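Undergrad: just need the structure, nothing else, for what follows:
(one chain, ligands or ions: 1)
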Amino acid sequence: MDVESRVRKEGKMHNKGVSALEEVNAYVFRAGELLKLSKDFIKAFSTSERELIISIPLRRESGGIDVLTGYRIQHSSARGPRKGGIRYHQSVDLDEVRALASLMTWKTALVDVPFGGGKGGVTVDPTTLSVREKEEVTRRWTRTMVNILGPHRDVPAPDMGTDAQTMAWIMDEYQRINGFSPAVVTGKPLGLFGAPGREEATGRGVIGVALGALMKLNKKPSEIRVAIQGFGNVGVYAALAAQEAGMKVVGLADVSGGKTNDKGFNIKEIIGKYKKVSEIPDGKDLSGDEVLTMDCDLLIPAALGGVINDSNHEKIQAKIIVEGANQPLTLSADAALQKRGVVVVPDILANAGGVMGSYFEWTQNIQEFRWPIERFRDELDTRMKIAFDSTWEASLKYGCDLRTAAFVVSVERVATAFKLRGDLL
Ligand code: GLU
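TA: The predicted structure is shown next:
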């Protein structure tokens, strides 16, 4: 029985025995049903177009050789070149990359950028890699993938465990074979065709949509106490943007631990000085998990997937959750929280500022024309607002939660492109 049927029969969502991809597809099929699309048709445009699994032999500093596994899943090119990050993490596996690739298809469609969806990764704990090892892994990944990448085929970007330097290596390796092509990858360093504004774009977008939701709920930013789980690229810039918008950041967490401060952390000061949450001197210590369930108004999970699940969703106190991470809520936790009236702004909307920023970088690379950061920020804010408004309107039109609404908007766009391209008529 598929997830959607199980959900319907048993009246509740599952996460036991349900893969990450099945969870995403449950949302896709629910949206398809509201749009009155047939299941077969949805399957035709929601199954990965191509999946590549590779071996990456790596000479370790210690002398031995490890053989790592790498992935690139190209989910859809219906609306343009596949687009999506590369994750280096020990949790990376085929199911996770498939689910994340699929989310990229819906994300790029929702924010209406001319891309499809893809995702890649390497199963490795990035903290165990020296700089040389990380470069070797990245170059080998790129060399082995070179025929399926390209500015108009598939354009990687950073994700967990990868950064601007990683993207610079990808660009360099790709160029050795194909010649000058900065648009083959986004999220590059500013000194190598990166775009001013891209680094902060995901966090800025997270707070942009949070402000949109607060306005609809008649709440002022100054009344809002925020907890943020994850202090990487997304969490840091979301914290900064939250403070700039007048909210109080009262909880922070990362792998090193958690901290809470009733008066609100001074994020601007913290960012320049500390890399890990445990190093922040002010505030009370909490565990990372306690930050998720602490007393706050707005919760921003901005790290790994599945962190809000059957073990802790009942303890969540926030009234609004904005998903900075991809898939931070399991299907069952999502259903339970929606039932309790918690407003959940879904990942494909909430963290889409990243890929929107990537689109701006890609377009600048192709035109060989650099925008000032003010233009980047203006375009980002405007287009994120359009995506938020279309999601909100769809939720009113279909009488559904914001996640279902976001999938309705994106599934409709992908279905239309797929249909117009022919092939299956
Ligand atoms: N990894 C980011 C995401 O999950 C960014 C992807 C991109 O910019 O292509 O949305």
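Undergrad: the residue of the stretch 201-350 of the chain found nearest the ligand: neighbouring residues, count only.
TA: In the stretch 201-350 of the chain, the residue found nearest to the ligand is Asn326; the distance is 5.4 Å by C-beta to the nearest ligand atom. No exception for glycine: its C-beta is placed from N, CA and C like everyone else's. Asn326 has 27 neighbouring residues, counting by other C-beta atoms under 10 Å.
Undergrad: which SS state does it fall under?
TA: coil (DSSP: H, G, I helix; E, B strand; the rest coil).
Undergrad: tell me the pLDDT of the nearest residue to it once chain neighbours are set aside.
TA: Leaving aside its sequence neighbours, Asn326 sits nearest to Asp347 (C-beta to C-beta, 6 or more residues apart in numbering; 5.0 Å). Here, the pLDDT recorded for Asp347 equals 98.
Undergrad: dihedrals phi and psi, Lys188?
TA: phi -80, psi 170 (degrees, to the nearest 10).
Undergrad: quick one: contacts for it?
TA: Contacts for Lys188 (C-beta atoms under 8 Å, 6 or more residues apart in numbering) come out as 164, 167-168, 171, 182, 194, 361.
Undergrad: coming back round to it: which residues touch the residue of the stretch 201-350 of the chain closest to the ligand?
TA: 100, 103, 305, 347, 351.
Undergrad: keep only those that also lie close to the ligand.
TA: Asn351 (C-beta under 6 Å from any ligand atom).
Undergrad: quick one, which of the contacts of Asn326 has the minimum pLDDT?
TA: Gly305 (92).
Undergrad: how many other residues sit next to that one?
TA: The tally of other residues near Gly305 (other C-beta under 10 Å) stands at 23.
Undergrad: ditto for Gly272
TA: Count around Gly272 with other C-beta under 10 Å applied: 6.
Undergrad: buried ones in the helix or strand harbouring it?
TA: Per DSSP states H and E, Gly272 falls inside helix 267-273. Across helix 267-273, burial judged by 16 or more other C-beta atoms under 10 Å covers 267, 270.
Undergrad: residues in contact with that helix?
TA: If you take C-beta under 8 Å, 6+ apart as the criterion, helix 267-273 is touched by 236, 239-240, 242-243, 249, 280.
Undergrad: could you find the closest non-adjacent residue to Val146?
TA: Ile177 (5.5 Å).
Undergrad: distance of the one you found relative to Gly208?
TA: Distance from Ile177 to Gly208, counting by C-beta to C-beta, to the nearest Å: 38 Å.
Undergrad: looking at these two, which is more packed in?
TA: Gly208 (24 against 12).
Undergrad: secondary structure class for the more buried one?
TA: The three-state assignment at Gly208 reads helix, by three-state DSSP.
Undergrad: dump the residue contacts of it.
TA: Contacts of Gly208 by C-beta under 8 Å, 6+ apart are 241, 353, 380-381, 384-385, 388.
Undergrad: and with 6 Å instead?
TA: Shown in contact with Gly208 (C-beta atoms under 6 Å, 6 or more residues apart in numbering): 381, 384.
Undergrad: try Thr404
TA: Per C-beta under 6 Å, 6+ apart, neighbours of Thr404: Arg30.
Undergrad: apply 8 Å and report the result again.
TA: Going by C-beta under 8 Å, 6+ apart, Thr404 touches 27, 30-31, 34, 395, 398.
Undergrad: so how far is Glu200 from it?
TA: Taking C-beta to C-beta as the measure, Thr404 falls 29 Å from Glu200.
Undergrad: checking my notes, Ala227 in a strand, right?
TA: Yes: looking at Ala227 with three-state DSSP, it is inside a strand.
Undergrad: no further queries at this time; thank you.
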